[in-house]
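> From the sequence below, what's the structure:
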Amino acid sequence: MSATDDRPGPPGRTAARIPGGSRNLLDDAPGTDRPARVGTTPLTPLFVRLKLALLRNGLRQSSGRRVAYVVTMVLVLLFAAIQLLGLILLRGHAHADTLVVLTVTVVGLGWAVMPLFFPSGDETLDPTRLVMLPLRPRPLVRALLAASLVGIGPLFTLCLVGGSVFTLAHGPAAIVFGVVGALVALLVCVALARAMAAANIRLLTSRKGRDLAVLSGLVVAVGAQLVNFGAQRLGASGGLSQLDTAGDVVSWIPPASALGAIASVSRGAYGTGVAQLALSLAVLAALLAFWQHSLTKLMTAPDGSTLAAAEPGAKSRKKERGDKGAPSRRLLPAGRTGTVMERTLRYVWRDPKTKAAWVTSLVIGLIVPLFNAAQGQGSIYFACFAAGMLGIQMYNQFGQDTSAFWMVAMTISSPRDAYVELRGRALALLLVTLPYATLVTVATTALLGDWGSLAEALGLSYALLGAMLATGAWCSARFPYSIPQQGYKNVVPGQAGLVWVSIFGGMVAAALLCAPVLALTITLHVTGRDGLLWLLLPVGAVYGFLISLGGLKLAAPRTAARLPEILAAVSK
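Model (predicted):
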C-alpha cells in the first residue's frame, strides 16, 4: 500500500494515510483548503470497553488467574445473595434502618481504603497511564466513573443498596427516594475510591505503597477482631438497641445518608429526607471536583521527587548527611555486632516483607491478650502470646537476606564469626521484643487487675522469648528458605515443608525448653506457696538469657559449616 494519497494537497506536502482507513491526516490541519472537521469519539463507551478488555485479557494470562477470578466471583455473589436475603427479611424490623446505615457506612469505608492496599488490582486506577493522551479532565472523570461501575465490587454494592431500598422504602415517595438514593450511594462509593486513588497514586506506586499492599492482610485480621469484639459487647449489653444512637449520627454521613433519606421519608419526615439526600449529592459533587483537580495536577505537574533530586547540590548534600551517620548508629555497640544490628533493623524498616511480618506480630501479639482481657475471658498467661509472636521473627534469619546473603557469607570464616553474626541479629530483635513483651504483660495485668501475677507472667514471657531465640537461631542454620520479593507469597514453591518444620517444630521445641520454668510455676501453685511466685521473674529472666546464649553457641558451628547450603536455599 502506498504511503501517500493520490488526492491533491498543498504544494510540497506529503499526506500520510491512517493505516486501515482512507482519511487524510492533513484534512483538518490549519492552512488547508478543506474545512476543519474534528472527529471526536465518546470517551465513556470507549473506557467501558477498555475496562471489559482489561478484564478479559487479564483472565487469558493464566488458568490460575481465571480460577481465582471465578472463585472470587462465586463467593462474592453468594455473600451478596445471603446479604440481600437478610435485608429482605429485615423489612419491618424496629432496628432495620440502623443496621442498613451502619452496613453501608462500613462498605463505604472499604471503598475508601481498599485502593490504598490493592493499587495494582485494577489497571484503570492508575491515571498516570493516560498522561500522554490529549484528554480533558472533565470528560475523563465521566468516562472513568462509568468504567468503575464494571466489576465485582460495584455489583456487590448494588446488591447491598438494592436490598436496603427494599427494606427501608414504605410508600410511593420513599420508593422514588430509594431509586435515587441507591444510585447516589453507589456513585459516592465509586467516586470515593477513585478520588482516594488519584490523590495518592504517587504514594501507591512507590516503595511505601508496596508496604501498604503487603500490610493489607493485617488490616483485615485486625478488623475481624474488632468486629468480633463489638459483636460480643453488643450481645452482652442489650442487643441492637445500643446502636440506635450511632445509627442516628451515621445516617447523616454519606453514602449512608442517601439511604437514611429513604427511612426518613418512610416516616413522613420529608424535609429531613431531602436534606440527607442533598447532603449525599453535595458530597458526590465535591468528590468529583476533588477527583478532577487531582487528575489535572497529576497530569500537568512534574514529580516533586524528581525536581528535588535535580536541584543543584542535592547529591552533595545527601552525601554529607550520609557521612554523618544516623544518631541511632552511635547508640549501637562497636564492631561487627553493631553493624549486624543496624543492618537487621534497616531490614525491618525498609523491606516490605520483613516489615509486614514484624507489624503483624506486634499487632496480633497485642490484640489477642488485651481483647481477651477486656472481655473478661482472658488469663495472665495470654501475655506470653506477645513473646511467642515476636520470637518467631528469629526464625529464618538468613532468608530475609535473599541472594545478598553471599556478602554475609564472605565475612564468616569461623564459628566465632557466625556466633557474632547470630548474636547481633538476636540483640536487634531483643531491642524491640523485650520492652514490647514487658509492655503487653503489664497492660494485660492492668486490664485483669491481677497485679499479684505480674512477676510470674513476666518470668514466663522472658523464658519463652529466650527459648524462641535459641530455637530460631538453630532453625535459621538448619532449615533456611527463600522469601520471594514480589507478590504475596512468603515462601517459594517447593520449600513449604521447610517452613512448617522450621516454625512449628521450633515452637514446640521452645515450649519444651521452657519446661523447667513451667514445672516450677506449677509446683508453687500446687503447693500453695504463692508468696514465692515473685521468684519466677528473676528465674525466668536468667533462664531465658542462658538458654538463648546456649542456642546461639550451638547454632554458630552449624552456620559456619553450611554457608553454601544456606546461600543456595535463600537464593531460590
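
> longest single helix anywhere in the chain?
Across the chain, the helix with the greatest residue count (assigned by DSSP state H) is helix 415-448.

> Residue 252 - that's part of a strand, no?
No. Counting by DSSP: H, G, I helix; E, B strand; the rest coil, one finds residue 252 to be coil, located in no strand.

> Can you give me the neighbour number for it?
The local packing of residue 252 (other C-beta atoms under 10 Å) involves 16 other residues. Just so you know, the C-beta spots here come from the backbone N, C-alpha and C atoms, and that holds for glycine as well.

> Kindly report the same for residue 129.
10.

> Backbone dihedrals for residue 379, please?
phi -140, psi 160 (degrees, to the nearest 10).

> Which residues are in contact with it?
The contact partners of residue 379, by C-beta atoms under 8 Å, 6 or more residues apart in numbering, come to 372, 448.

> Retrieve the pLDDT associated with it.
Listed pLDDT for residue 379 reads 79.

> just the one 4 residues further on next, same as before
With respect to pLDDT, residue 383 has a value of 84.

> so who does it touch?
Applying C-beta under 8 Å, 6+ apart, we find residue 383 in contact with 369, 437, 440, 441, 444, 445, 457, 461.

> So of those, which two are at opposite extremes in space?
437 and 445 (12.5 Å; C-beta to C-beta).

> Turn the contacts of residue 383 into a markdown table, including pLDDT.
Compiled in a markdown table, the contacts of residue 383 are given as follows (pLDDT from 0 to 100):
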| residue | pLDDT |
| --- | --- |
| 369 | 86 |
| 437 | 90 |
| 440 | 91 |
| 441 | 90 |
| 444 | 89 |
| 445 | 88 |
| 457 | 89 |
| 461 | 91 |
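
> the more surrounded of residue 437 and residue 445?
Legend: neighbour count by other C-beta under 10 Å for residue 437 and residue 445, higher for residue 437 (27 against 22).

> Sticking with the residue found closest to residue 277 once you drop the neighbours it is linked to in the chain, tell me its helix or strand.
By the measure of C-beta to C-beta, 6 or more residues apart in numbering, the closest residue to residue 277 outside its immediate chain neighbours is residue 261, 4.1 Å from it. Element membership for residue 261, per DSSP states H and E: helix 256-266.

> Can you name every helix or strand that that helix contacts?
helix 96-117, helix 152-168, helix 172-199, helix 270-300 (3 or more C-beta pairs under 8 Å, 6 or more residues apart in numbering; DSSP states H and E).

> Swap in 10 Å and give it another go.
helix 96-117, helix 152-168, helix 172-199, helix 244-250, helix 270-300 (3 or more C-beta pairs under 10 Å, 6 or more residues apart in numbering; DSSP states H and E).

> Reformat those helices as JSON lines; add distance to residue 390.
Formatted as JSON lines, those follow (distance: least, C-beta to C-beta, whole Å):
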{"stretch": "helix 96-117", "distance to residue 390": "24"}
{"stretch": "helix 152-168", "distance to residue 390": "36"}
{"stretch": "helix 172-199", "distance to residue 390": "33"}
{"stretch": "helix 244-250", "distance to residue 390": "35"}
{"stretch": "helix 270-300", "distance to residue 390": "40"}
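
> Of the ones you listed, which is nearest residue 536?
Per C-beta to C-beta, nearest to residue 536 of those: helix 96-117, 42.3 Å.

> buried stuff in that closest one?
Across helix 96-117, burial judged by 16 or more other C-beta atoms under 10 Å covers 96-105, 107-108, 111, 113-117.

> Give me the distance from the longest helix of the chain to the chain's centre.
A distance of 25 Å separates the centroid of the chain from that of helix 415-448, by C-alpha atoms, centre = their mean, to the nearest Å.

> Which strands and helices lie in contact with that helix?
helix 336-350, helix 352-374, helix 384-391, helix 405-409, helix 454-478, helix 536-561.

> most packed of these?
Compared across these, helix 454-478 shows the largest average neighbour count, a mean of 27 (mean count of other C-beta atoms under 10 Å).

> before we move on, the earlier item: overlap in contacts of residue 437 and residue 445?
Common contact partners of residue 437 and residue 445 (C-beta atoms under 10 Å, 6 or more residues apart in numbering): 383, 457, 458.

> Output the below-cut-off pLDDT ranges for the stretch 451-572 of the chain.
Residues of the stretch 451-572 of the chain that meet the criterion pLDDT under 70 lie in 485-498.
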